[in-house]
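[1] next comes the sequence, and after it the predicted model I'd like to discuss.
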2 protein chains.
Amino acid sequence: MTDLRRDGSAALEWAARYLERVSELPVLAQVKPGEIRSRLPAEAPEHPEPFDAVLRDLDEILLPGVTHWQHPRYFAYFATTASEPAVLAELLAAALNSVAILWRTAPAATELEAVVLEWTARLLGLPEGWHGHIEDTASTSTLAALMAARESSGRDLVVCSEEAHSSVEKDARLLGMRLHKVPCDEQFRVRTDALGDLGEAAAVVATVGTTASTSVDPVPEIADACERAGAWLHVDAAYAGAAMVCPEHRWAFAGVERADSLVVNAHKWMLTPNDCSLLWTRRPEDFRRAFSLIPEYLRTPDAEDALSLSEYGPALGRRFRALKLWAVLRCHGRSGLQEHIRRGIGLAAMFERWIAEEAGWELCAPRPFSVVCFRLQGADERNRELLMRVNASGEIFISHAVLNARYVLRLAVRGRGRQRGELARP
Amino acid sequence: MTDLRRDGSAALEWAARYLERVSELPVLAQVKPGEIRSRLPAEAPEHPEPFDAVLRDLDEILLPGVTHWQHPRYFAYFATTASEPAVLAELLAAALNSVAILWRTAPAATELEAVVLEWTARLLGLPEGWHGHIEDTASTSTLAALMAARESSGRDLVVCSEEAHSSVEKDARLLGMRLHKVPCDEQFRVRTDALGDLGEAAAVVATVGTTASTSVDPVPEIADACERAGAWLHVDAAYAGAAMVCPEHRWAFAGVERADSLVVNAHKWMLTPNDCSLLWTRRPEDFRRAFSLIPEYLRTPDAEDALSLSEYGPALGRRFRALKLWAVLRCHGRSGLQEHIRRGIGLAAMFERWIAEEAGWELCAPRPFSVVCFRLQGADERNRELLMRVNASGEIFISHAVLNARYVLRLAVRGRGRQRGELARP
């Protein structure tokens, strides 16, 4: 039988050693599709095995198939970091196994979630009084926001830019809503002169920190247009929103205070492991009307019902995700989060300068945050080959985007721990 | 700074002691709405605090607001258990922080997920070759299934029984689908003679183990009707599906092998902490067509794309949830899971006999699994008061349902560890 103390010590030691040695492992898993699967047995065991066997197979079978998101040279997509307080909080949350289907089934999880969302709203300089809760991913947060917009407006059109995240399109499809993608200007910001008539729009999704280039939509102008048309303004700052913790970066978030809803993923740039997508709204009653549905077997006194966060989103069962965000806010503090953001942006700025100064290379987009878009001058093919080569080396992992119809490389810095030293100019 | 070894040892000791002493704590949190919140500060700290402070406040501030799902006398809703191997796997998953947006970003997580879903399908006696993946909750699993049904059929009607879970209605609302609720017979099973014309139905949701009484819909007849009408059959066995691990309980699952999709929550009766909802389908291409949406920045070679599980459901970012299910299957084995189910059903049967033999009490529904519906004879009010009184005592936690327009009490047994001894007849 698995013993929490004995086997837990081994698991903890595994985790600690993993984080110590991760920089020595190939960052991108060097396996072919199907290779890991082929090493696993076809059936579950008949009888219990010791937990040691799980740890052994984690090392021997699974580890070669792990792409290391915790690796200091992981620079692909959005570089994320799961910091120690949050990792330990996930252990505690699993041991408690609180399931917040209703307030009464998890009062601490429910109220802590509301409180840490208020704490984070203050850290980010958001208006007082917004209602916040946690969803698993930005896909779900945006789904919830668009649902609230659809239900409150009776309209079915969603408007976003060509550079908006693919989840907007996926969510619109789920909700049976039409999607209109608006072209961008040369800096990958939505062209507000091309927004068109928003009279039929249920919602406009503005992005602060797009996925390809981290461009910033002109939110104040979009907010004006939404206000005129009576459309819901949802701001997707899933990646960049964390930068609001630093006053000097708040210029990029002008107008966000006018949003009807806002998503910021703590699991992207806020030291929290997946999943922890923060969703705020100044229209909580519209969420509640869209999602509230209480069958008899879940009825409790009214005062309790009002607090059940399952009434503000798609899922009924909710994990104690607030615990890890609480641990992050406590153990890093405002100063620690600011330092983390500043280091990430500083390192990205440094890399950006290297590219600017290096003959034969070019920058491909403004760099407001910690992602640099760049390329080798010349054909797309050269860049594609370079990407394949560096990723196949296992030394670093970067990804790509297509901007202005050109293939460009993306380097996303997270800026914690050893990543500083790993960005040494060759 | 939080140290994974030092602070991790303290967190582990906290978790181990918590599970040792949980039976001494009031099972239902004895706090009023707002009480926990009022004890928490209004702002995050400016500077980092030690992890010890988090553990201290977890004890002093949060614990009184925890309803203890791990308590041996938690008999409400569906009694779940997070077992040790899975708790430790959550620590490992958080330390790895694999994010399976694409196969290449988490080959091990992706392929292990496919493999453990195959293992579980075999344990449950499901047909070979079904495609499986993990969603957070049954709400999301059913959402994904209904979306696939809507997109593949072009129809927008969902049919389920009055006793189906509220998530079916919530999901239909999200998807903009119409819902038809069919009445049940005296044993709370859908009346197949009342299904009506399914010619417009995209999907029928059959439930094996309804939430109120754990009744079993006649799946073979529903499957016949679906086949005739070309409707998608989705089976919701979120709670009861785990019982399929025991051949002697498979009678209740006749016809499930004909489903187009099936949801079983490992986090309900399969020793796994939230969230781990297992979704199988024999029509994976319909899911993929409904959900696949690959923007340029996520493109990878075709062979890899085919394996990305984010193409089979709403979320793009996916946690390494397979790790905890793998740990459960390894460390309990088929025999351990069977023992767990048999003990739960055996204890429920024992309690059922006590009620049957006790003057003044009555049973209110058949008891196919581990949930007993019962009541004091006489007015609803007597039962309501009794429920309030026992839950307020903090000694046990049970919930209620309304069956045949009468208020009934529900006792849900999980059957692990000390729960056996806690069901002592007074």
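    Received, thanks.

[2] CA only for contacts and neighbour counts going forward, please
    Will do.

[3] who's residue A:190 bridged to?
    Taking DSSP bridges as the rule, residue A:190 bridges to residue A:184.

[4] now the longest helix anywhere in chain A: average pLDDT?
    Criterion DSSP state H: the longest helix present in chain A is helix A:322-357. Helix A:322-357 comes out with an average pLDDT of 97.

[5] what does the helix or strand just after that helix rub up against?
    Note on helix A:322-357: by DSSP states H and E, the next helix or strand toward the C-terminus is strand A:361-363. Defining contact as C-alpha atoms under 8 Å, 6 or more residues apart in numbering or on different chains, one finds that strand A:361-363 is touched by A:352, A:355, A:356, A:372, A:373, A:374, A:375, A:376, A:377.

[6] now with 6 Å?
    Contacts to strand A:361-363, defined as C-alpha atoms under 6 Å, 6 or more residues apart in numbering or on different chains, come from residues A:355, A:374, A:375, A:376, A:377.

[7] which ones, among those, also lie beside chain B?
    Among the contacts of strand A:361-363, no residue lies close to chain B (C-alpha under 6 Å from any C-alpha of the partner chain).

[8] report the buried members of those residues.
    A:355, A:374, A:375, A:376 (16 or more other C-alpha atoms under 10 Å in any protein chain shown).

[9] inside strands: which ones of these?
    Counting by DSSP state E, the part of the buried ones among the contacts of strand A:361-363 found in strands is A:374, A:375, A:376.

[10] with pLDDT added, can I get these in TSV?
    Listed next are these as TSV, based on pLDDT from 0 to 100:
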residue	pLDDT
A:374	98
A:375	98
A:376	98
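
[11] could you dump these to JSON lines with distance to residue B:46?
    Output for these, formatted as JSON lines (distance: C-alpha to C-alpha, whole Å):
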{"residue": "A:374", "distance to residue B:46": "36"}
{"residue": "A:375", "distance to residue B:46": "40"}
{"residue": "A:376", "distance to residue B:46": "43"}
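
[12] ok, so of these, who is nearest residue A:95?
    Distance ranking of those against residue A:95, using C-alpha to C-alpha, places residue A:374 first at 45.0 Å.

[13] list the contacts of that closest one.
    A:362, A:363, A:364, A:408, A:409.

[14] so how far is chain B from it?
    Using C-alpha to the nearest C-alpha, to the nearest Å, residue A:374 is found at 14 Å from chain B.

[15] what's opposite that residue in the beta bridge?
    As for beta bridges, residue A:374 partners with residue A:363, residue A:409 under DSSP bridges.

[16] domain ranges for chain A?
    Chain A resolves into domains spanning A:4-68, A:87-328 when parsed by automatic domain parsing.

[17] what separation do you get for the nearest residue to residue A:175 once chain neighbours are set aside and residue B:158?
    Residue nearest to residue A:175 in three dimensions, not counting chain neighbours: residue B:175, with 4.8 Å by C-alpha to C-alpha, 6 or more residues apart in numbering or on different chains. Using C-alpha to C-alpha, to the nearest Å, residue B:175 is found at 10 Å from residue B:158.

[18] which one of the two is surrounded by more residues?
    residue B:158 (26 against 23; other C-alpha atoms under 10 Å in any protein chain shown).

[19] residue A:106 and residue A:97 touch, don't they?
    No - contact criterion C-alpha atoms under 6 Å: residue A:106 and residue A:97 do not qualify, at 9.7 Å.

[20] between the ones in strands among the buried ones among the contacts of strand A:361-363, which is closest to residue B:28?
    Nearest member of those to residue B:28, counting by C-alpha to C-alpha, is residue A:374, at 56.3 Å.

[21] the closest one and residue B:155, how far apart?
    Here residue A:374 is placed at a distance of 46 Å from residue B:155 (C-alpha to C-alpha).

[22] over to residue A:354?
    56 Å.

[23] these two: which is more packed in?
    residue B:155 (17 against 13).

[24] chain B contacts on the stretch 101-250 of chain A?
    So far as C-alpha under 6 Å from any C-alpha goes, the stretch 101-250 of chain A lies against chain B at A:105, A:106, A:107, A:108, A:111, A:119, A:139, A:174, A:175.

[25] now secondary structure and pLDDT too, for these, in TSV please.
    Putting those into TSV (DSSP: H, G, I helix; E, B strand; the rest coil; pLDDT from 0 to 100) gives the following:
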residue	secondary structure	pLDDT
A:105	coil	95
A:106	coil	96
A:107	helix	96
A:108	helix	97
A:111	helix	97
A:119	helix	98
A:139	helix	97
A:174	helix	98
A:175	coil	98
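
[26] just curious, which of the residues you listed is nearest to residue B:27?
    residue A:105 (9.9 Å).

[27] wait, what's in contact with that closest one?
    For residue A:105, the contacting residues are residue B:67, by C-alpha under 6 Å, 6+ apart.

[28] change it to 7 Å
    Contact partners of residue A:105, counting by C-alpha atoms under 7 Å, 6 or more residues apart in numbering or on different chains, are A:99, B:67.

[29] how about it, phi and psi?
    Backbone torsions of residue A:105, given as degrees, to the nearest 10, read phi -80, psi -10.

[30] distance of it from residue B:57?
    Residue A:105 is 20 Å from residue B:57, where distance means C-alpha to C-alpha.

[31] let's verify residue A:180: helix, strand, or coil?
    strand (DSSP: H, G, I helix; E, B strand; the rest coil).

[32] partners of it in the sheet?
    Going by DSSP bridges, residue A:180 forms beta bridges with residue A:159.

[33] what's the neighbour count on it?
    17.

[34] what about the stretch 251-400 of chain A, any weak spots by pLDDT?
    For the stretch 251-400 of chain A, the stretches flagged by pLDDT under 70 are A:297, A:301-306.

[35] list, one by one, the residues from it near chain B.
    With C-alpha under 7 Å from any C-alpha of the partner chain as the criterion, the stretch 251-400 of chain A comes near chain B at residues A:273-275, A:291, A:295-297, A:304, A:315-317, A:319, A:327, A:329-336, A:400.
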